[in-house]
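S.K.: here is a sequence with its predicted model. Questions after.
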Amino acid sequence: MPRASSKRKSSAPQNPPAVKSSNARSGTSTHLFYSGKAKAKEIENFFDKYANGGIIDPDGIVTLCKDLELEYTDVRILMLAWKLKAVKLGYFTQDEWETGLKTLQVNNLSKLKKAISELEKEVRTPPNFADFYSFAFRYHLTEEKQKNIDIETICELLNLVLGPQFRRQVDLLIDYLKVQSNYKVINLDQWLGIFRFCNEISFPDLENYDETQAWPLILDNFVDWLRENHR
Amino acid sequence: MSNQKKRNFQIEAFKHRVVVDPKYAEKTWKILEHAIHEIYNHNASGLSFEELYRNAYNMVLHKFGEKLYSGLVSTMTLHLKEISKSIEAAQGGSFLEELNRKWNDHNKALQMIRDILMYMDRTYIPSTHKTPVHELGLNLWRDNIVRSNKIQTRLLNTLLELVHRERTGEVINRGLMRNIIKMLMDLGPSVYQEDFEKPFLEVSAEFYKVESQKFIECCDCGEYLKKAERRLNEEMERVTHYLDAKSEAKITNVVEKEMIANHMPRLVHMDNSGLVNMLLDDKYEDLGRMYNLFRRVPSGLLTIREVMTSHLRETGKQLVTDPERLKDPVEFVQRLLDEKDKYDNIISSAFNNDKTFQNALNSSFEYFINLNPRSPEFISLFVDDKLRKGLKGVSEEDVETILDKVMMLFRYLQEKDVFEKYYKQHLAKRLLSGKTVSDDAERSLIVKLKTECGYQFTSKLEGMFTDMKTSQDTMHGFYASHPELGDSRTLVVQVLTTGSWPTQPSVTCNLPAEMSALCEKFRSYYLGTHTGRRLSWQTNMGSADIKATFGKGQKHELNVSTYQMCVLMLFNNADRLSYREIEQATEIPASDLKRCLQSLACVRGKNVLRKEPMSKDIGEDDAFFVNDKFTSKFYKVKIGTVVAQKESEPEKQETRQRVEEDRKPQIEAAIVRIMKSRRVLDHNNIIAEVTKQLQSRFLANPTEIKKRIESLIERDFLERDNVDRKLYRYLA
């Protein structure tokens, strides 16, 4: 079978990727094999529109956003990155693109537009959201062996990711982070702690916050600050 | 008895009732009745026991037990009523005597009657469940005499009156009392208790309530306690003499309650004579009495302990925060030791070495010693003072005693690691200046610290001693291999292992030419025998003896620091030197140089140099000269010895910071150790375990522990559990 499809393909160098992908993602791609040759091609073409040197770089993403009529700082782009399981901030590899779009069953711009608004709903369901939240942090670790993200970026991320759902907490937390001087960076453990905090602690009364529990120290300090300044 | 008819009869008990002539019964009874009368009338000698016994026996045998018994009851009752009248008639004092006499008579009579009626006692009475004769006699006595209207109240009042009189100091007839009380006891426990004991206790309570009120108004605490003790002893003695032993606990309870328990707070807090005053004045006897009395009542000892504890904490707190006291660290510590001695004596002399009091003492000391963050430093300074001079001439035993007492204080410290840091600094100075009074004492203290805190605490300190010893050997070797240096040992080097000694940053200092050649010789010698090591001269820790000749020919030997030596040697080649010139030549850091020059030029009696202008401060343009007019009555003059002093503020901050820094890895090590063995542990338990593990060195701050945990999470030593965020897991 693979040989048959390779015979029909016109441009030889383009064959192997399509074949490789469908072999690697065996679970989802059965339908592709039958109807997907054309689709795969379209996805490829779609990719090429934004790609530069075999990869979609930040410029390409900006263009993509324009086409999608989204700001490139829009959280939905981040969600797309999550769906694509993108590894490097600001880049989509061909693999990531093609696999991701196949999962979304999207092969062109208009379908992508629709998929993205569906995607938002999907991401906001609890188990996915937790995963997305964690992804948001890790995605922004740009250097190898980097474990922390600077406060400024964290504030922007919080606003983007948690803002819609926990507006009050996020606003106050951002205020605090900018004012305090104990921490210049935030690590993953603290990042995850913030999420649990928003989910579990009643706000703004903070009645069920217990300092003797294992909350990250930065949140203990945040609560103290809140209690002092925002009675 | 001759009236008896002679009968031959056979008893066929199983077949038919033998009916006896009722008159027989009546006659027999009359005989017995008469006998009873005689007995009561003290005429028993004329009676035949055998005959009477037989009569009684026969009556019972012929089924006249009922008649016999009821007759007995009525006869005895008759007599008792008469007796009752005679007792009632008794006047005043003779009332009890009459009662007693009649009681004795009754008992004797009862015994005889019982003997006579023994057969009835053994057969008729058990089978009819009637009261046995003896008991019957007692009951009748009870009902007709003791509880008769005219006697009961009078008896009780008389007894209570006598007790009261005895309490107010009169002498009473104790034997009589005993007998009467015994009578009540014999009549049955309920008689004694109901008819006497209960009212006795009530009246006693009332009596002591009044008396205690009176005393407490007019006596001070010590006197009051004496009185209470006396009363208590009195009551106990009363019981042994004429009351039932079982009453002792009850009456002592009454006294304890009325005299002690009800007035405890007022006694303890009495102005000018209460517990606190007794403690201050070491009133062992009073304190001992208070202890013995209060331990009898609920919460008695607790009260004493609480007042003692709060007093101790208060005085202790004042002691450690009083700015006057803080000026002299040695005095400060001495005062603490004195206070501890004082209370140890109180507890052993007055409080029976009670462990709970020891514990209260310990916890109080621990509380206030740690209120002052400089306590660790001061205790080290105290030890330093003792080991430099304080223990000179003191016997070995006494040295041990003093060191043991210091160890006691050491145990109370929460921040033992701070003590270690200071101790190291002070020990270093002592060792390097050779100023220790007794090597044995030094070593003894190290051993004590090791026993208390473990090997790790003292390993570096021991390293310091080792270095000193090794240096001596090195010196031997050096001079042996350089015979050209002759016998005079101008240079003595101590080689210090960096890790063991308190860290000092190495500073610049140009040694005089005479020195530097020799130092180089040593350096190459040492490095020749110890490859791979690095030596750096610690010019800020050395000392020198210089022979100096002054303007008028006076010769002196000056004992100075290395810096001072460098400065002074410059004057071999110049009469006048400005500050800047000196600074340039020696390259000693400015602040150290200024202090050095001050000690050489501005201290009366030690001013080997002269400064222009004569001000106390060192200015950049100041000029220095040798002070030709220098005089001292001693040939050897010590200038600016490096004595351990109380740290200045910035030094204190630095030390504190270093201690904090040192604690971080210790906390982390403890966390890792615990997690490695437990694998999974929740937050609160980690905090508790870490605190416990580090307790012997310092009190770990939970926030600091949390910070370290987070740092360890970041470095992938630990992780949080996905489901329960309070759990941590060790990552191998």
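M.R.: Yes, it's here.
S.K.: residue numbers of chain A in contact with chain B?
M.R.: A:147-148, A:187, A:189-190, A:192-193, A:196, A:212-214, A:216-217, A:220 (Cβ under 8 Å from any Cβ of the partner chain). Yep, even glycine has a C-beta here, placed from its N, CA and C like the rest.
S.K.: of those, keep whichever come out buried.
M.R.: A:N148, A:N187, A:D189, A:Q190, A:L192, A:G193, A:A214, A:P216, A:L217, A:D220 (16 or more other Cβ atoms under 10 Å in any protein chain shown).
S.K.: farthest-separated two in the residues you listed?
M.R.: Using Cβ to Cβ, these span at most 19.7 Å, a distance reached by A:N148 and A:A214.
S.K.: what is the burial count for A:N52?
M.R.: For A:N52, the count of nearby residues is 12 (other Cβ atoms under 10 Å in any protein chain shown).
S.K.: before we move on, what about A:K114?
M.R.: 12.
S.K.: that one should be in a helix, yeah?
M.R.: Yes: under DSSP: H, G, I helix; E, B strand; the rest coil, A:K114 sits within a helix.
S.K.: pull up the gap between it and A:E120, please.
M.R.: A:K114 is 11 Å from A:E120, where distance means Cβ to Cβ, to the nearest Å.
S.K.: ok so, going back, could you export the buried ones among the residues of chain A next to chain B as CSV, including secondary structure?
M.R.: CSV is the format used below for these (three-state DSSP):
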residue, secondary structure
A:N148, strand
A:N187, strand
A:D189, helix
A:Q190, helix
A:L192, helix
A:G193, helix
A:A214, coil
A:P216, coil
A:L217, helix
A:D220, helix
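S.K.: and which of those is nearest B:S74?
M.R.: Nearest to B:S74 among those, with distances taken as Cβ to Cβ, is A:A214, at 92.3 Å.
S.K.: surely B:L319 and B:L336 touch.
M.R.: Yes: the pair B:L319 and B:L336 passes the contact test of Cβ atoms under 8 Å, sitting 7.0 Å apart.
S.K.: count the neighbours of A:L80 for me.
M.R.: A:L80 has 26 nearby residues by other Cβ under 10 Å.
S.K.: list the residues that contact the residue of chain A found nearest chain B.
M.R.: Nearest to chain B in chain A, going by Cβ to the nearest Cβ, is A:A214, at a distance of 3.6 Å. Applying Cβ atoms under 8 Å, 6 or more residues apart in numbering or on different chains to A:A214 gives the contacts B:D682, B:H683, B:K706, B:I709, B:R720, B:R725, B:K726, B:Y728.
S.K.: specify which member of those residues is nearest to chain A.
M.R.: Among those, and counting by Cβ to the nearest Cβ, the member closest to chain A is B:H683, at 3.6 Å.
S.K.: how much space between that closest one and B:K706?
M.R.: For B:H683, the distance to B:K706 - Cβ to Cβ - is 8 Å.
S.K.: now name the helix or strand holding B:G528.
M.R.: helix B:513-529 (DSSP states H and E).
S.K.: and if you look at B:R335?
M.R.: helix B:329-349.
S.K.: B:D244 now?
M.R.: Using DSSP H and E, no helix or strand contains B:D244.
S.K.: do the same with B:T131
M.R.: Here B:T131 is assigned to no helix or strand, by DSSP H and E.
S.K.: now the closest residue to it other than its chain neighbours: how far from chain A?
M.R.: Spatial nearest neighbour of B:T131, excluding adjacent residues (Cβ to Cβ, 6 or more residues apart in numbering or on different chains): B:N139 at 6.5 Å. Distance, B:N139 to chain A, using Cβ to the nearest Cβ, to the nearest Å: 73 Å.
S.K.: try B:D467
M.R.: Distance from B:D467 to chain A, by Cβ to the nearest Cβ: 41 Å.
S.K.: after the helix or strand hosting B:W141, which helix or strand is next?
M.R.: B:W141 is part of helix B:133-141 when elements are defined by DSSP H and E. Moving toward the C-terminus from helix B:133-141, the next helix or strand (DSSP H and E) is helix B:149-167.
S.K.: for that next one, name the packing helices and strands.
M.R.: With contacts defined as 3 or more Cβ pairs under 8 Å, 6 or more residues apart in numbering or on different chains; DSSP states H and E, the packing partners of helix B:149-167 are helix B:65-89, helix B:94-116, helix B:174-186, helix B:198-218, helix B:221-242.
S.K.: just how off-centre is the last one within its chain?
M.R.: I take that to be helix B:221-242. Its chain's C-alpha centre and that of helix B:221-242 lie 28 Å apart, by Cα atoms, centre = their mean, to the nearest Å.
S.K.: report all helices and strands that the following helix or strand past that helix contacts.
M.R.: Using DSSP H and E, the helix or strand that follows helix B:221-242 towards the C-terminus is helix B:247-255. Here helix B:247-255 touches helix B:198-218, helix B:221-242, going by 3+ Cβ pairs under 8 Å, 6+ apart.
S.K.: taking the stretch 401-550 of chain B, what residue is nearest to chain A?
M.R.: For the stretch 401-550 of chain B, Cβ to the nearest Cβ, closest residue to chain A: B:Q414, 21.0 Å.
S.K.: tell me the pLDDT of that residue.
M.R.: Looking at B:Q414, its pLDDT is 92.
S.K.: helix/strand/coil for it?
M.R.: coil.
S.K.: shouldn't it be in contact with B:A700?
M.R.: No: taking Cβ under 8 Å as the definition, B:Q414 is not a contact partner of B:A700, at 10.0 Å.
S.K.: which one of these two has more residues nearby?
M.R.: Each of B:Q414 and B:A700 has its neighbours counted (other Cβ under 10 Å); B:A700 has more, 21 against 17.
S.K.: my read is the more buried one is in a helix, agree?
M.R.: No: using three-state DSSP, the secondary structure at B:A700 is coil, not a helix.
S.K.: and the biggest helix by length in chain B, what other elements does it pack with?
M.R.: As assigned by DSSP state H, the longest helix anywhere in chain B is helix B:649-678. Packing contacts for helix B:649-678, counted by 3+ Cβ pairs under 8 Å, 6+ apart, involve helix B:416-432, helix B:683-694, helix B:702-714, strand B:727-730.
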